[in-house]
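Asks: just need the structure, nothing else, for what follows:
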Amino acid sequence: MRTRMTRHLESVLIEAAVGDEAAPVRRPVLPPEFNWRDYTVLLLHIAAEIEHSLMVQYLFAAYSLGGPQVPEHLRADVRRWQEIVLGIAKEEMGHLLTVQNLLIALGSPVNLNREDYPWGTDFYPFPFTLRRLTQETLARYICAESPPNWTGEEAERIRRLAAGQQGAPVNRVGALYERLADILGDRDRIPDAAFQADTLPYQASWHEWGRGYTLGERGRDAGSVPETQSPDLLIIGVSSRDSALNALKQIGDQGEALPPMQAPLPAAGSAAGTDPQDLSHFFRFLTIFRELDRLDPPDQDTVARRVAENPRTDHRLNEETVALIHTQALAPDQSRPEVNPITDPEAARWGHLFNLRYRMLLTDVAHSFRLTGPLDNGTTLTARGSLIHRAFGEMYNLRAVAGMLLQLPLDRERADGLLAGPPFEMPYTLDLPAGDRNRWLLQRDLTEASLRAVDDLLQTRLRPEGEAYLRALRETDVQARKFAERVLAER
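Replies: Residues are numbered from 1 along each chain as shown. Predicted coordinates for the structure are as follows:
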């Protein structure tokens, strides 16, 4: 969380006990400088950043899985694990969009930000860190998504592993959604008039963003194993108190496992069924952990590539970043994060292209919330339809470019053989300019920047699959630039 938000978080974590001393009711405390609606918007901003951060960390872990080092007898399992984690990451994207809908319904701007460097607060589950998938990273994900009633020897073991050598506990994400539901459910705090039903046309909808996703199909790629199942993509419109509370509950049930999910967990080694609890993020991560735990230690280390932790693209800027991180005051249970500059020239170029496509994805999503109307006029895409269509394309581009980075060294001079990975560095801003014409000028700027980056890469010696991908991407960018110019000509 950024410093300007963290100064309010102490109040976020405080609850007042009222009523019978033997069984007090815990109630949120309104912090200074807020009324209840504005405080709710702050909490939703925090929720948006958490959902965005989890999505990115899950994607990085999923991309790390696989590779030529995986033994033949584990490849099918590793492929299945990768699909499961990718599916969870895509569901986090749905959660992120639903949080935007909650913000819009309360008359607030959208928030697609997150922290760029390893960072943590009392409400964030664990410090933001891009790491390959291991038992420790899985343990963190499990604890972050765990229900409040998760106890037993296995739970304690996983919590210890998640805490690491510093013993830093992992916070449960569901606590934030419980706080939001408590506030939004109280008419004395948030009146009915606070929910703006006329914002629905500007909100994300499942009809627009849930293409191709039905029960059992989430996260599945071509050629995947049919047994891999996960729930429907959740993108929920918000027009009233009831729809807001329903959105919070469904996000909790799918990901963070909010009460009243009190059923006992399946035993270790049992397979997930089709019950919604079996398909929660918590259970799916726990299932992968149990399967990985049964492998011999040498096999456990082969399931993911040796990708560098927290890769960064610019060496000089990275040195400044490392210096900044090393001057941060840390709690006794925190360790200094590892940050790795990408110094291999080809990998650095791919890293910059990755960051640019990541910015294009976030810009397309943010821009789509400024427009209303159908996706097409029967024969061609509308402006809104084009943005949503391109956002799906950028999701593919991120995975494709990450695949290129995972074949390249972080630094050709290092003897440890670490690979470069997708840096997921945030752009300098996600603010959209005022006026529709200026927003389309930004779209054209980003497309032209991509064409420049692609042409720069095409001048280097590339693998055949890399060159073929870049030439196809270049043609896509040319068409996107033509679309932006056509829209600009109409403005």
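
Asks: which residues in the stretch 251-400 of the chain form helices?
Replies: 281-293, 297-300, 315-327, 345-368, 383-405 (DSSP state H, counting those that start in this stretch).

Asks: lowest average pLDDT across these?
Replies: Sorting these by mean pLDDT places helix 315-327 lowest, at a mean of 56.

Asks: which helix runs longest in the chain?
Replies: Criterion DSSP state H: the longest helix present in the chain is helix 75-105.

Asks: where does the stretch 151-300 of the chain have low pLDDT?
Replies: Along the stretch 151-300 of the chain, segments meeting pLDDT under 70 span 211-232, 256-278.

Asks: as a markdown table, the helices of the stretch 251-400 of the chain with mean neighbour count and distance to Leu462 would be great.
Replies: Using the backbone N, CA and C atoms, a C-beta is placed for each residue, glycine as well. What follows is the helices of the stretch 251-400 of the chain, written out as a markdown table (neighbours: other CB atoms under 10 Å; distance: least, CB to CB, whole Å):
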| stretch | mean neighbour count | distance to Leu462 |
| --- | --- | --- |
| helix 281-293 | 21 | 34 |
| helix 297-300 | 11 | 33 |
| helix 315-327 | 13 | 22 |
| helix 345-368 | 22 | 8 |
| helix 383-405 | 20 | 9 |
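
Asks: same list (those) but as TSV, adding distance to Pro201.
Replies: Output for the helices of the stretch 251-400 of the chain, formatted as TSV (distance: least, CB to CB, whole Å):
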stretch	distance to Pro201
helix 281-293	30
helix 297-300	50
helix 315-327	41
helix 345-368	12
helix 383-405	10
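
Asks: which one of those lies closest to Ala194?
Replies: helix 345-368 (23.1 Å; CB to CB).

Asks: and that closest one, how far from the chain's centre?
Replies: A distance of 15 Å separates the centroid of the chain from that of helix 345-368, by CA atoms, centre = their mean, to the nearest Å.

Asks: regarding Arg172, what is its secondary structure?
Replies: Assigned with DSSP: H, G, I helix; E, B strand; the rest coil, Arg172 falls in the coil class.

Asks: report the angle between the helix or strand harbouring Ile142 and helix 75-105.
Replies: Using DSSP states H and E, Ile142 maps to helix 135-144. Here helix 135-144 runs at an angle of 40 degrees relative to helix 75-105 (axes from the mean of the first three to the mean of the last three CA atoms, to 10 degrees).

Asks: neighbouring contacts of the very next helix or strand once past helix 135-144?
Replies: Remark: after helix 135-144, the chain's next helix or strand is helix 153-163, criterion DSSP H and E. Helix 153-163 is contacted by residues 126, 135-136, 139-140, 142-143, 146, 169-170, 268, 286, 289, 333 when judged by CB atoms under 8 Å, 6 or more residues apart in numbering.

Asks: relative orientation of helix 153-163 and helix 281-293 in degrees?
Replies: Using the same axes, to 10 degrees: helix 153-163 against helix 281-293 is 90 degrees.

Asks: sec struct for the residue nearest the centre of the chain, please.
Replies: The centroid of the chain falls nearest to Met55 when counting by CA atoms, centre = their mean (1.7 Å). Taken by three-state DSSP, the conformation at Met55 corresponds to helix.

Asks: which residue, other than its chain neighbours, is closest to it?
Replies: Once flanking residues are discounted, Met55 sits nearest to Glu92: 3.7 Å by CB to CB, 6 or more residues apart in numbering.

Asks: endpoint to endpoint, stretch 180-195 covers what distance?
Replies: The first residue of stretch 180-195 is 14 Å away from its last residue (CA to CA, to the nearest Å).

Asks: no wait, stretch 59-78
Replies: Stretch 59-78: ends 15 Å apart by CA to CA.

Asks: ok now it, how far from the chain's centre?
Replies: 21 Å.

Asks: tell me the buried residues in it?
Replies: 59-67, 70, 74, 77-78 (16 or more other CB atoms under 10 Å).

Asks: ok, back up a step: for Glu33, find the nearest of the helices of the stretch 251-400 of the chain.
Replies: Nearest to Glu33, of those and by CB to CB, is helix 345-368 at 26.6 Å.

Asks: what helices or strands is that closest one leaning on?
Replies: If you count contacts as 3 or more CB pairs under 8 Å, 6 or more residues apart in numbering; DSSP states H and E, helix 345-368 packs onto helix 383-405, helix 436-458.

Asks: want to try JSON lines for the ones you listed, with distance to Ala105 as columns?
Replies: Conversion of these to JSON lines gives the following (distance: least, CB to CB, whole Å):
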{"stretch": "helix 383-405", "distance to Ala105": "19"}
{"stretch": "helix 436-458", "distance to Ala105": "22"}
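
Asks: so which of the ones you listed is nearest Asp116?
Replies: helix 383-405 (16.3 Å).

Asks: ok and the closest one relative to helix 436-458, angle-wise?
Replies: Using the same axes, to 10 degrees: helix 383-405 against helix 436-458 is 20 degrees.

Asks: and the pLDDT at the residue nearest to Met55?
Replies: 94.

Asks: confirm for me that it is in contact with Leu54.
Replies: Yes - using CB atoms under 8 Å, Glu92 is in contact with Leu54, at 5.2 Å.

Asks: of those two, who's got more company?
Replies: Taking neighbours as other CB atoms under 10 Å, Glu92 and Leu54 compare with Leu54 leading, 27 against 24.

Asks: check contacts around the more buried one.
Replies: Each residue near Leu54 by CB under 8 Å, 6+ apart is listed here: 92, 125, 144, 173.

Asks: mind putting those residues in CSV, distance to Glu425 included?
Replies: Output for the contacts of Leu54, formatted as CSV (distance: CB to CB, whole Å):
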residue, distance to Glu425
Glu92, 19
Pro125, 21
Ala144, 23
Val173, 24
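
Asks: which of the residues you listed lies closest to Tyr202?
Replies: Closest to Tyr202, out of all of these and judged by CB to CB, is Glu92, at 21.8 Å.

Asks: ok, now which ones touch that closest one?
Replies: 51-52, 54-55, 58, 255.

Asks: how about these, which pair is most distant?
Replies: Top of the distance list for the contacts of Glu92 (CB to CB): His52 and Gly255, 13.5 Å.

Asks: Arg114 is in contact with Gln57, isn't it?
Replies: No - using CB under 8 Å, Arg114 makes no contact with Gln57, being 9.9 Å away.

Asks: now do the shared contacts for these two.
Replies: Phe128.

Asks: how much space between the residue nearest to Ile84 when sequence neighbours are not counted and Leu96?
Replies: With CB to CB, 6+ apart as the criterion, Ile84 has its nearest non-adjacent residue at 5.3 Å, and that residue is Arg284. Using CB to CB, to the nearest Å, Arg284 is found at 18 Å from Leu96.

Asks: for His45, same thing?
Replies: Taken as CB to CB, the span from His45 to Leu96 is 12 Å.

Asks: average pLDDT across the helix or strand that contains Tyr58?
Replies: In this assignment (DSSP H and E), Tyr58 forms part of helix 36-64. The pLDDT scores in helix 36-64 average 95.
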